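Asks: From the sequence below, what's the structure:
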Amino acid sequence: MPVSRIPRRSRPQNFAARRAGAAAANPSAGTLPLIAHTRGDQIVAYREGAPVTVARFLADVRDLASRLPAGRHVFNMCADRYLFTVGLCASLLADKISLLPPAHTPEMVRELATFAPDTFCLYDGAGCHCNAGCHAGDSADGGTGGLPGMRVTLPATHEAQADDALAVTIPRIPADRTLAYLFTSGSTGLPMPHRKSWRAMVRNAQAAAARLGIDALAGATLVGTVPAQHMYGLECTVMLALHGGVALSAAHPFYPYDVAAALAAVPAPRVLVASPVHLRTLQ
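Replies: Alright, predicted model coming up:
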């Protein structure tokens, strides 16, 4: 059914003023929740075979947000999808902007540093795997062009303590806050930034959840073969989980055996998110 829209020219001239007035009357009107889940004991992710509750996830996000470096722009290279999501949400909570380039080559990292000199890298494992020489510390490595970086670690909060509070306070984010800049190659070949607001990303996730019938899959887990750093992976394995009310798998499988193992590691119902090309190679 077509959706009716008010033509822009026919809107009342005081539309913006009325919207601002409504937001002032209701402070939460201009904000959107960090996640659609509402209870602390709901499962938001599976990592290394273990469920991660909303309460634990929020504790991880708040802890990391309090420890992030001073820079305003974030290059999130965490391969673990859960750690990527914690980094993304912690950055958003701290009003820092994630940068999503089309590639992770040393040249692209240098372009990011030119675009935003205060950019820092978040990584997991032994170090950043973009091959640009990103390193732990507060300043750039001038010899390699690498970014200053921080390894994402999780607090040693006891799971039972985090799960005791079933009624948790879900952070609300200003809807117009910038979540990320998505970079695509323009006609000049240089990366072109495209701003993605929190409002736009949440609305896209809500629309996708409704279109795919995710709300009918209570307790579903999304297992993705696409990197969370790419827009498709971000929208369909991270945002869809956060605002579809389902869980995500921290795994990033590629080969058929690994995909099967990742699916077997989470309870049914399971949703596999992959590209058409990858699906054909898995057959």
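Asks: can you count the residues close to Pro69?
Replies: 17 (other Cβ atoms under 10 Å). C-beta coordinates here come from the backbone N, C-alpha and C atoms, glycine included.
Asks: was I right about it contacting Met150?
Replies: Yes - the pair Pro69 / Met150 is scored as a contact, 5.9 Å apart, by Cβ atoms under 8 Å.
Asks: and for those two, which residues touch both?
Replies: Counting by Cβ atoms under 8 Å, 6 or more residues apart in numbering, the residues touching both Pro69 and Met150 are Phe120.
Asks: show me where the stretch 1-150 of the chain has strands.
Replies: Assigned by DSSP state E, counting those that start in this stretch, the stretch 1-150 of the chain shows strands spanning 31-33, 43-47, 50-53, 73-76, 97-100, 120-123, 135-136, 148-151.
Asks: Determine the set of other helices and strands touching the fourth one.
Replies: So that's strand 73-76. helix 81-93, strand 97-100, helix 106-115, strand 120-123 (3 or more Cβ pairs under 8 Å, 6 or more residues apart in numbering; DSSP states H and E).
Asks: So which bits of the third one are buried?
Replies: For helix 106-115, the neighbour count (16 or more other Cβ atoms under 10 Å) marks Met108, Val109, Glu111, Leu112, Ala113, Phe115 as buried.
Asks: got the CA positions of that helix in PDB?
Replies: In PDB, the C-alpha atoms belonging to helix 106-115 read as follows (Å, rounded to 0.1, in the frame of the first residue of the first chain):
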ATOM      1  CA  PRO A 106      47.100   1.700   4.400                       C
ATOM      2  CA  GLU A 107      46.300   4.300   1.800                       C
ATOM      3  CA  MET A 108      42.600   4.400   3.000                       C
ATOM      4  CA  VAL A 109      43.700   4.800   6.600                       C
ATOM      5  CA  ARG A 110      45.800   7.800   5.600                       C
ATOM      6  CA  GLU A 111      42.800   9.300   3.900                       C
ATOM      7  CA  LEU A 112      40.800   8.900   7.100                       C
ATOM      8  CA  ALA A 113      43.600  10.700   9.000                       C
ATOM      9  CA  THR A 114      43.500  13.500   6.500                       C
ATOM     10  CA  PHE A 115      39.700  13.700   6.700                       C
END
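Asks: by contact count, what packs against that helix?
Replies: Helix 106-115 packs on strand 73-76, strand 178-185, strand 191-197, going by 3+ Cβ pairs under 8 Å, 6+ apart.
Asks: out of the strands of the stretch 1-150 of the chain, which comes closest to Ala200?
Replies: strand 31-33 (10.5 Å; Cβ to Cβ).
Asks: Give the partner strands of the closest one in its sheet and their orientations.
Replies: strand 172-174 (antiparallel) (DSSP bridges).
Asks: which residues touch Leu222?
Replies: Applying Cβ under 8 Å, 6+ apart, the residues contacting Leu222 are Cys236, Thr237, Leu240, Ala241, Val246, Ala247, Leu248, Ser249, Val271, Val273.
Asks: May I have the beta-bridge partners of it?
Replies: Leu248, Val271.
Asks: how far away is it from Ala45?
Replies: Leu222 sits at a distance of 10 Å from Ala45 (criterion: Cβ to Cβ, to the nearest Å).
Asks: list the residues that contact both of the two?
Replies: With Cβ under 8 Å, 6+ apart, Leu222 and Ala45 have common neighbours Ala241, Ala247, Leu248, Ser249.
Asks: ranking the helices and strands packed on strand 73-76 by mean pLDDT, which is last?
Replies: When these are compared on mean pLDDT, helix 106-115 scores lowest, with a mean of 88.
Asks: So what's the residue count around Leu32?
Replies: Applying other Cβ under 10 Å, I find that Leu32 has 20 neighbouring residues.
Asks: can you check Ala167 too?
Replies: 9.
Asks: where in the protein is pLDDT low?
Replies: 1-29, 126-145, 157-165, 185-189, 282-283 (pLDDT under 70).
Asks: mind redoing it with 50?
Replies: Within the chain, the set of residues satisfying pLDDT under 50 comprises 1-27, 138-144, 158, 160, 162-163.
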